[in-house]
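Undergrad: Quick one, fold the following:
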Amino acid sequence: MAYMHPQQQPHAFSAFGYCDSYFTENHDDDDGLYARAANERERARGVAKMRQRTLAEELSRLTADDYQEDVLDHMERMEAETMPDIQSIEIQTEIQWFMRPYLLDFLLEAHHAFQLLPETLHLAVNLLDRYCSRRVVYKRHYQLVGCASLLIAAKYGDRKERVPTIRELKSMCCSLYDDDMFTQMEWHVLQTLNWIVGHPTVTSFLQLALTEVSFDPELEHMSWYITELALYHKDFVPVRPSVLARSSLALARCILARPQSRCSDWSARYDPQVVLSLSNYINQPSQALLRKYASPHLSSVSTTIEMFLRQQAMLAQRVVQSTPTESNAMDVEPTPATSVYLTPQTPQKGGYPNVPIGVLTPPITPDKDFCTANAGYGVNQGLVPRMNACTPTPPPSVEHQHQMQYGVPHYVQQPQFVQ
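TA: From the prediction side, this is the model:
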């Protein structure tokens with residue numbers, strides 16, 4: 001019996017099915033029948049995997065909705081138990097707060113170089129602060145504690161293939177520490193914290209808050225930027241991650257002109273004072289943080305913030321320029337120049353130094369001397385100083401004309417301070 005090509009035997013070929021063996025003589029198949037069959041099988045497998053993944057995500061979402069309140073209560077209870085004590089950090093003998101930005105720049109660059117998850121950085125800083133709350137840390141060991149905290153955080157919740165090795169950390173520290181020192185410090189940190197590593201980070205609460213709205217990568221990256229900016233300042237060390245997450249999300253929505261959350265949402269319960277403090281520091285970022293978030297993969301949010309601050313400076317300049325025009329439009333008789341020192345005047349604050357003007361004031365207006373240099377915020381941080389609402393000086397009365405004519409004060413009046 002003569003050999004027949006499979007194309008000439010459709011019935012026999014369909015009866016035995018396809019054969020994708022390498023040894024099958026399919027080189028003369030001009031139509032690519034076997035290749036098309038293999039592609040069809042791969043496509044069917046991909047579709048099946050996609051369906052399984054979609055079904056698993058749907059079941060996970062339904063389960064998460066049922067247990068979301070219980071999970072949130074557990075996370076808020078855990079964050080209260082794993083908060084650092086800022087008063088204990090204050091009494092450290094060698095390490096000071098001005099050293100913190102340098103160490104955080106190092107941890108930020110190491111975190112970005114190893115492409116670790118966002119929650120790994122926040123967990124590492126939490127472990128560092130908790131260790132400094134319980135042990136005396138020498139200045140020469142401060143960086144070693146930070147590396148050990150980053151290593152523990154990466155082993156706890158990050159991907160196994162991205163966990164940094166001791167050799168890599170030693171190279172980043174310029175061989176300042178030996179290999180055994182990293183291992184000993186890692187063990188000592190765990191012993192000090194009683195092996196309690198789990199801590200609900202800011203990013204964990206941000207994920208819960210962002211599930212209430214549709215997916216917005218720029219808003220998420222802006223929130224990450226603000227929360228990592230807060231790591232550099234001691235004012236936010238005692239702030240709970242849940243409060244910081246909601247406050248940073250509210251400020252991110254304000255910068256990006258996104259609508260705020262509804263009053264019934266969990267993310268709407270932010271702290272206005274924390275939002276105000278974050279806005280005061282928004283124009284003082286670290287250069288390492290600026291370089292990290294200038295990447296298009298993170299929506300270039302650092303560039304967006306620079307444009308936002310520039311727009312606010314232009315608006316503030318317009319307000320300052322339009323203020324004399326508005327005052328001249330009022331029908332108020334000006335006080336003669338010769339009577340400036342003879343009549344009671346409303347006290348005025350002095351001029352402010354020439355500093356960059358930044359973010360709009362959040363919903364709650366600061367009280368009294370918030371804009372002074374001693375308060376630590378306001379003018380030094382780039383906010384627009386609030387104009388004092390002063391009543392215009394009344395026109396000279398009859399007694400005042402008598403005083404100007406004879407040079408004798410008719411009465412002495414105490415200065416009136418306008419709040």
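Undergrad: Would you mind listing where the stretch 251-400 of the chain has pLDDT under the threshold?
TA: In the predicted model of the stretch 251-400 of the chain, residues 264, 324-400 satisfy pLDDT under 70.
Undergrad: how about 50 then?
TA: For the stretch 251-400 of the chain, applying pLDDT under 50 flags the ranges 326-393, 398-400.
Undergrad: what's the distance between the nearest residue to residue 265 once chain neighbours are set aside and residue 244?
TA: Excluding the flanking residues, the one nearest residue 265 by C-beta to C-beta, 6 or more residues apart in numbering is residue 212, at 5.1 Å. In short, each C-beta sits where N, CA and C put it, glycine included. Here residue 212 is placed at a distance of 17 Å from residue 244 (C-beta to C-beta, to the nearest Å).
Undergrad: Tell me how many other residues crowd residue 104.
TA: Counted with other C-beta atoms under 10 Å, the neighbours of residue 104 add up to 22.
Undergrad: what about it, which helix or strand?
TA: Per DSSP states H and E, residue 104 falls inside helix 100-113.
Undergrad: And residue 263, by the same measure?
TA: Counting by DSSP H and E, there is no helix or strand that carries residue 263.
Undergrad: contacting residues for residue 36?
TA: Contacts for residue 36 were tallied using C-beta atoms under 8 Å, 6 or more residues apart in numbering; there are none.
Undergrad: and the gap between it and residue 44?
TA: 13 Å.
Undergrad: Phi, psi for the spatially closest residue to residue 241 that is not a sequence neighbour please.
TA: Nearest residue to residue 241, sequence neighbours excluded (C-beta to C-beta, 6+ apart): residue 202, at 4.4 Å. Residue 202 adopts backbone torsions of phi -60, psi -40, taken as degrees, to the nearest 10.
Undergrad: before we move on, what about residue 294?
TA: Torsion angles, degrees, to the nearest 10, at residue 294: phi -90, psi -10.
Undergrad: can you count the residues close to it?
TA: 13.
Undergrad: Kindly report the same for the one 4 residues further on.
TA: Using other C-beta under 10 Å, residue 298 has 18 other residues around it.
Undergrad: got a list of what it touches?
TA: 221, 224, 225, 292.
Undergrad: Which of these has the largest number of neighbours?
TA: Busiest of these [other C-beta under 10 Å] is residue 225, holding 25 neighbours.
Undergrad: Quick one: the strands in the stretch 1-150 of the chain, in order.
TA: Assigned by DSSP state E, counting those that start in this stretch, the stretch 1-150 of the chain shows no strands.
Undergrad: Looking at the contacts of residue 298, which are in strands?
TA: Judged by DSSP state E, the subset of the contacts of residue 298 located in strands is empty.
Undergrad: So which of these is the closest to residue 194?
TA: residue 224 (29.8 Å; C-beta to C-beta).
Undergrad: picking up where we left off before, show me what the helix holding residue 104 is packed against.
TA: Judged by 3 or more C-beta pairs under 8 Å, 6 or more residues apart in numbering; DSSP states H and E, the packing partners of helix 100-113 are helix 118-132, helix 142-157, helix 166-172, helix 287-292.
Undergrad: distance of residue 86 from residue 95?
TA: With C-beta to C-beta as the criterion, residue 86 and residue 95 are 13 Å apart.
Undergrad: what about these two, which has more around it?
TA: residue 95 (18 against 15).
Undergrad: could the contacts of residue 298 go into a markdown table alongside distance to residue 90?
TA: What follows is the contacts of residue 298, written out as a markdown table (distance: C-beta to C-beta, whole Å):
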| residue | distance to residue 90 |
| --- | --- |
| 221 | 33 |
| 224 | 28 |
| 225 | 28 |
| 292 | 29 |
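Undergrad: Among those residues, which one lies nearest to residue 107?
TA: For the contacts of residue 298, the nearest to residue 107 is residue 292 (11.7 Å; C-beta to C-beta).
Undergrad: Excluding residues flanking it in the chain, which one is nearest that closest one?
TA: Nearest to residue 292 is residue 112, by C-beta to C-beta, 6+ apart, at 5.4 Å.
Undergrad: State the phi and psi torsions of residue 283.
TA: phi -100, psi 10.
Undergrad: how many neighbours does it have?
TA: Neighbour number of residue 283 under other C-beta under 10 Å is 20.
Undergrad: returning to that earlier point: specify the angle between the helix holding residue 104 and helix 142-157 in degrees.
TA: 40 degrees (axes from the mean of the first three to the mean of the last three C-alpha atoms, to 10 degrees).
Undergrad: Helix 100-113 vs helix 118-132, what angle?
TA: 140 degrees.
Undergrad: Let me know the average pLDDT across helix 100-113.
TA: Mean per-residue pLDDT for helix 100-113: 94.
Undergrad: Show me what that helix is in contact with.
TA: 120-121, 124-125, 128, 142-143, 146-147, 150, 164, 169, 172, 228, 231-232, 234, 286-289, 292.
Undergrad: so how far is residue 153 from residue 178?
TA: Residue 178 is 22 Å from residue 153, by C-beta to C-beta.
Undergrad: Chain neighbours aside, what residue packs nearest to residue 137?
TA: Using C-beta to C-beta, 6+ apart, the nearest residue to residue 137 is residue 95, at 5.4 Å.
Undergrad: Please report how far the residue nearest to residue 241 lies from residue 229.
TA: On the measure of C-beta to C-beta, residue 202 and residue 229 end up 11 Å apart.
Undergrad: Those two - which one has more neighbours?
TA: Comparing residue 202 with residue 229 by other C-beta under 10 Å, the one with more neighbours is residue 202, at 33 against 21.
Undergrad: how about that one, what does it touch?
TA: Residue 202 touches 122, 227, 241, 244, 245, 248, counting by C-beta under 8 Å, 6+ apart.
Undergrad: rerun that using 7 Å as the cut-off
TA: Neighbour list for residue 202: 122, 227, 241, 244, 245 [criterion: C-beta atoms under 7 Å, 6 or more residues apart in numbering].
Undergrad: Filter these down to the ones in helices?
TA: Counted as lying in helices by DSSP state H, out of the contacts of residue 202, are 122, 227, 241, 244, 245.
Undergrad: Nearest to residue 78 among those?
TA: residue 241 (9.9 Å).
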